[in-house]
Structures are given as structure tokens and as C-alpha cells.
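**Q** fold the stuff below for me.
(2 chains)
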Amino acid sequence: MGTTMQYPSIDWLAVTPLIILLAGMMVNLVLAALTRPWPRAWYALGTVELAVAAVIVEMFLWHDIGRDGSRVVINDALSIDHFTVLCWIGIAGALALVSLSTADYLRREQLDGPEVYALYICAAIGAMIMTAANDMVVLFLGLETLSIALYVLAASHRRRSESQESGLKYFILGGFASAFLLYGIALLYGSTGTTNISEMGRVLSGQVFLKGDDAMLLAGIALLLVGLAFKVAVVPFHFWTPDVYQGAPTPVTAFMASVGKLAAFATMTRILLVALPTRIEDWRPVVWVLAVLSVVVGSVMAVVQTDVKRMLAYSSISHAGFIMIGIEAAGHVGDEDGLPSVLLYLIIYSVLVIGTFTVVSLVSRTGDAGSDLGSFRGLGRQRPALALAMTVFLLAQAGMPATSGFIAKFGVITSAAANESYAIAIIAMVASVVAAVLYLRIMISIWLNDAEAGDDARESVRVPFTANVVITLATIFTLLVGVFPGWLIDAARTAASFAR
Amino acid sequence: MSFLAAATPTTTWYLILAAVLFGIGAVGVLVRRNPLVMFMCIELMLNAVNLSFVALAKKMGDIGGQTTVFFVMVVAAAEVVVGLGIIVSIMRRRPGATADDISALKG
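**A** Down below sits the predicted model:
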């Protein structure tokens, strides 16, 4: 038996961001288990430092790819290209912001401890692996690392039964979706003979199917799309989202809506555009239908809700629909605007949604239960600065010019129009007008509604330092990108190509 | 039953069996109300996928599909740990709860 094991060569720079986060998570858990409890904000601070370190390395990596070109590393398991690195920067940035906004939430709810941060980091690692994965199996492992951490996070408010319910629902439906995704992977493996995404694209481009011969491939694509549609929460696979978003602790909701969406959409675009570019005619109509249903149903359902977290959950479904419009545009041969607009939307939306949910988490007050519209009543008088920041986030989500949200929506709609998908562009614009009603309802509650009896007895809204930092940063980003979008658009354009 | 003894199972048999198992699991998740049983149905779905992976790998003579099964089993085990943890923490609060009872969140 003279055979020796063949080890893959490892590109260490490419995986350094992952290693930093992984090591940090281990150190966090071990130190927390061995030492007496630290002042609570320290855990958050440590997580932020890790995330910043990861972002710095990712900047180097970005530069490195610009010089040496993109590549696939570790036996073609991860693809290191500008697309991956931009998503990584987004994920690490979201991790830093969410950790900061969690710091005071945990103190207020008396849920001390380092576990939440360890789970955030674990989920972020999963998300990063997912966005970089160039192999379906690696992708699945990354997805599960993200999802399993999120199930625990959703159920992590031990004293609220809503939180546990949200965790259980997310777990059952997430597992259900994972099984569909995995079955899709199995069938694609069966019809191409490989699980490697770029190899799959090569095999399919050289393969000619006789009529009816590609049943297994089509079934695989369909199951894969169902699984991914569950994960990104587009209609009709969205029904878990409102319950889970409402029940989960608010900072966790922010994390799900930013990191979870970013990773799932990045994966979806990579699979569709790298593995299945020769089957565009098969998947683009499906994406079209999902996009239209999501923008319409998301916007309309959001308007009739009374709970702000639920409203924002439905609005996130409608945003997912907008992102799908970008993917639909990217599914036209020779298109160059679709993919950058998707990336732009994902980054902008992540920051927006973290800012919004941080404000919601402050307004929900102790117990995390007051997220109905009434809780926002009088916020304009009581905390004008906070109310102003919330207004900026809401206007940006509605797509108001001079905010980042406008740049995002403008990007996807122009890319749809550039490919002559006028129907989808018009439907999206009408739906965003409907969705504007929802944002206006929250703003009216903040600024215009008169105080009612019992309002004075409510706990006043406190704005702790860490949350203040998050809201300020998110507001600055929203306005900065709204007024000077050039640099982010350039970055998104650079990132819009895949290593194969 | 002599015709059964004469038949040699082909890959297609296993793929059909896997599809049937997957279907049973999927329907189970949708119709059963006990969180534990729903969870078992998800495990059934994952194992159906494992069966198709092995059958396809055997057909193509490729080791990749068989090793994938190990990864899936590890993931399923991790899901069991987390899932049972969540279910136990709910059951401790409300013994005997079904999926219909756990429905405070709606609108």
C-alpha cells in the first residue's frame, strides 16, 4: 500500500479572513468559559475588532486579485474573485454593525454572555464560505453553518415564547428548504457527473440533450431554485419570513435580513450564472415570476400589517423581489448591468436594514415586545434625532432620491429596462409606490400622531452609545451613497465577474 | 414471485425509491403537527437524498457522490442537536404542544 494521501495546495491569503473569524470565535468561547464574566460590551468590541481585521485583510485580497487576477483555490473548492471579496466585505461590515447594536440589547434584556457573538461569527463564516463556494458540497456546508447558527440565534431570547416559536418555525422550514436544495444538488450531480460549480458549467456547455433527455437536469434546477427561493424568502416561498422576523430578537432579525439575504443571493447568482448559463431559457422565466410575485405581494401585504417588524419583514420580501429583477436582467445574454445592480442592492440594503432594525430594537423597549405602530407614536417629539434617522432609513427603503435606496432601485430597474423587460420594470415601479404607503404609515406614526392616554406611562426610549454609533454610521452611509454613488457602483462593476 | 427473484435492481430503482422517500418526508412535514415527527420527516428527506447520491455515484463510478453523503450525515447530526434543543426548550414551557399550539405569531 504505497499510496500517499494527496493534499490540496492552500492559498493562505485567500482564506485568512475565514481563519481570523474562526480563531476569534474559538478564543471568544474558550476565554469566556475559563474566565469570570467580562464587562458585557467587551464581547461586542472583540467581535467588532475581528470583523474590522477581516475587512482589512479583504481589502488586501481585493487589491491582490486586481493585480494577479481571480482564481479558484483549494482543489477548486472556493473561488476567490472580486465578487466574493465584495460580499465578504459586506458580511464582515454587517457583522460589526450588528454586534454593536446587540451589545446594549443584551444588557437591556438581561441575556448576558458571549454565546450570541460566537454564533454571529459562526454564521458569518458560513455566509462567507457560501458566497465563495465553487463546489455544491462546500456551498451546502456553508449554508448549513449559517442556517444552524441562525436557528439558535432566532430562539436565543429564552424568556420570550415568541422567540422560541420563531426559532422552531425557522428550523423546520429551513431544514425543509435545505433538503430541497440538496436534492437539487444530487440531481445536478447525476446529470453532469460533478459537484463543482464551474466544472458543471463546462460540462453543460459541451452537452447536447435530445428531447426529453434532460429531465433529471431540469428537475435538479427546479429543486435547487425552490431551495434557494426559500432561503432568500421570495413569494411563494416566503411564508416563514414574517413570523421568524417578528419573533426573533430584533438585532438577530437585522442579521438575518442583511447577512442571510446577502449570502443566499450571492450563492443564487453564482449557481445560475456560472453553473447554468447554458440553461438561461429554463430558469429565467421562473426568476421572472418569482420577482414579480415578490414585489407585488411583499408590498401589498406590508401595507396591511400593524406590527412594524412584520411590516419590515414583508418589505424585505419586496426588496428580495427587486433583487430578483436584477438577477432576471443578468440572465440575458450579453448583459452587463444586471449583476452589478444585484451586488449594489445587496450591500445598500444590508446597511439600511441594520439601521432600521436597530431603531426598532430601541423603540421596542425592555422585553422586546413593543414593535407595533403605536410604540412609535410621539418618537418625533421625544427623540427627534432618532426619529430623523429612522425617517432617512424609511425614505431610503422607499427609494427616495438622494438616498442609497434610490441608487439601488434605479440600478435594478434600469438593468431590466436595458434588456427590454419593460413589463417587470413597470410592475416594480408601481409596487414601490404601494410600498411607499407602508413607510409613510410608520413616519406618520413617528411625527404626526397625537399622544394618547397612557403614552406618558411608557418607558422612555433610551439611545445607548453603541446603538448610536450604528445608527450614525448607517445614516452616513445611506446619505453618502445617495449623493456620491460613483465609488460603490465602480466597486460593484469590478466585482461583477466570476472566477471559473 | 419468481419474476422478482430474476430481476436485477438497477440505478433507476434506487432513484425512484429515493424520490418516493423524499415525497413521503415532504408530505409528512406538511401534514403532521408534532414538531418531533416533522423533524423526523426532514431527516427522512435528507436520507432520501443520500440514497440518490450513492446510487448516482455507483452508476458513474465516481467517489465524489459517496463522500458527499458523509458531509450530509454530519450536517444532519448537527441539525439534530440544535433542533432537539429548540424543541426541548419549547416543550419544557408547554408540555405536549403541537405545531398548531405554537402559533402566537401571525397576521
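
**Q** so how many other residues sit close to A:Gly46?
**A** Using other Cβ atoms under 10 Å in any protein chain shown, A:Gly46 has 20 neighbouring residues. Glycine gets a C-beta too; all of them are placed from N, C-alpha and C.

**Q** which ones are touching it?
**A** Contacts for A:Gly46 (Cβ atoms under 8 Å, 6 or more residues apart in numbering or on different chains) come out as A:24, A:28, A:117.

**Q** and the pLDDT for it?
**A** If you check A:Gly46, the pLDDT there is 91.

**Q** residues in contact with the lowest-mean-pLDDT helix or strand in chain B?
**A** Every helix and strand in chain B was compared by mean pLDDT, DSSP states H and E; the lowest is helix B:2-6, with a mean of 74. Residues from elsewhere that reach helix B:2-6 (Cβ under 8 Å, 6+ apart): none.

**Q** does A:Val214 touch A:Thr192 like I think?
**A** In this structure residue A:214 is Asp, not Val. No - assessed by Cβ atoms under 8 Å, A:Asp214 is found out of contact with A:Thr192, at 10.7 Å.

**Q** out of these two, which sits in the busier spot?
**A** Using other Cβ under 10 Å, the more surrounded residue of A:Asp214 and A:Thr192 is A:Thr192, with 21 against 18.

**Q** how close does the more buried one sit to B:Leu84?
**A** Distance from A:Thr192 to B:Leu84, counting by Cβ to Cβ, to the nearest Å: 36 Å.

**Q** and for A:Ile442?
**A** Taking Cβ to Cβ, one finds A:Ile442 at 39 Å from B:Leu84.

**Q** same thing with A:Val463?
**A** Counting by Cβ to Cβ - A:Val463 and B:Leu84 are separated by 39 Å.

**Q** in the lengthiest helix in chain B, what counts as buried?
**A** If you go by DSSP state H, chain B has its longest helix at helix B:63-93. In terms of neighbour count (16 or more other Cβ atoms under 10 Å in any protein chain shown), helix B:63-93 has its buried residues at B:64-65, B:68-69, B:72, B:75-76, B:79, B:82-83, B:86-87, B:89-90.

**Q** which helices and strands does it pack with?
**A** helix A:136-154, helix A:161-192, helix B:35-60 (3 or more Cβ pairs under 8 Å, 6 or more residues apart in numbering or on different chains; DSSP states H and E).

**Q** can you say which of these is nearest to A:Gly380?
**A** helix A:161-192 (27.8 Å; Cβ to Cβ).

**Q** which SSE is immediately downstream of the least confident helix or strand of chain B?
**A** Counting by DSSP states H and E, the element after helix B:2-6 in chain order, helix or strand, is helix B:11-31.

**Q** does the helix or strand hosting A:Tyr245 come close to chain B?
**A** Assigned by DSSP H and E, A:Tyr245 belongs to helix A:240-247. Yes - legend: contact between helix A:240-247 and chain B by Cβ under 8 Å from any Cβ of the partner chain is shown at A:242-243, A:246-247.

**Q** and which of these is nearest chain B?
**A** A:Asp243 (4.2 Å; Cβ to the nearest Cβ).

**Q** what parts of chain A come near chain B?
**A** Counting by Cβ under 8 Å from any Cβ, chain A sits next to chain B at A:137, A:140-141, A:144, A:148, A:151-152, A:155, A:158, A:161-162, A:164-169, A:171-172, A:175-176, A:178-179, A:182-183, A:186-187, A:189-190, A:193-195, A:242-243, A:246-247, A:305-307, A:310.

**Q** give me the ChimeraX select line for those residues, limited to the buried ones.
**A** In ChimeraX, this line selects whichever of these come out buried by 16+ other Cβ under 10 Å:
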select /A:137,140,141,144,148,151,152,155,161,162,164,165,166,167,168,169,171,172,175,176,178,179,182,183,186,187,189,190,193,194,195,242,243,246,247,305,307,310
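
**Q** for chain A, give me the ranges with low pLDDT.
**A** A:1-3, A:210-212 (pLDDT under 70).

**Q** apply 50 and report the result again.
**A** A:1 (pLDDT under 50).

**Q** strands along that one, start to end?
**A** A:71-73, A:78-80 (DSSP state E).

**Q** so which residues make contact with the first one?
**A** When you say that, I think you mean strand A:71-73. A:10-11, A:14-15, A:65, A:78-81, A:134, A:198, A:499-500.

**Q** so can I have JSON lines of those showing neighbour count?
**A** Output for the contacts of strand A:71-73, formatted as JSON lines (neighbours: other Cβ atoms under 10 Å in any protein chain shown):
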{"residue": "A:Ile10", "neighbour count": "11"}
{"residue": "A:Asp11", "neighbour count": "16"}
{"residue": "A:Ala14", "neighbour count": "22"}
{"residue": "A:Val15", "neighbour count": "20"}
{"residue": "A:Ile65", "neighbour count": "22"}
{"residue": "A:Leu78", "neighbour count": "25"}
{"residue": "A:Ser79", "neighbour count": "24"}
{"residue": "A:Ile80", "neighbour count": "25"}
{"residue": "A:Asp81", "neighbour count": "23"}
{"residue": "A:Asn134", "neighbour count": "28"}
{"residue": "A:Ser198", "neighbour count": "19"}
{"residue": "A:Ala499", "neighbour count": "21"}
{"residue": "A:Arg500", "neighbour count": "16"}
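
**Q** save these as a markdown table, and put in distance to A:Arg108 too.
**A** Formatted as a markdown table, the contacts of strand A:71-73 follow (distance: Cβ to Cβ, whole Å):
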| residue | distance to A:Arg108 |
| --- | --- |
| A:Ile10 | 43 |
| A:Asp11 | 43 |
| A:Ala14 | 40 |
| A:Val15 | 37 |
| A:Ile65 | 42 |
| A:Leu78 | 39 |
| A:Ser79 | 42 |
| A:Ile80 | 40 |
| A:Asp81 | 41 |
| A:Asn134 | 42 |
| A:Ser198 | 47 |
| A:Ala499 | 44 |
| A:Arg500 | 48 |
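
**Q** against A:Ala215, how distant is A:Leu312?
**A** A:Leu312 is 41 Å from A:Ala215, by Cβ to Cβ.

**Q** perfect, I'm done here.
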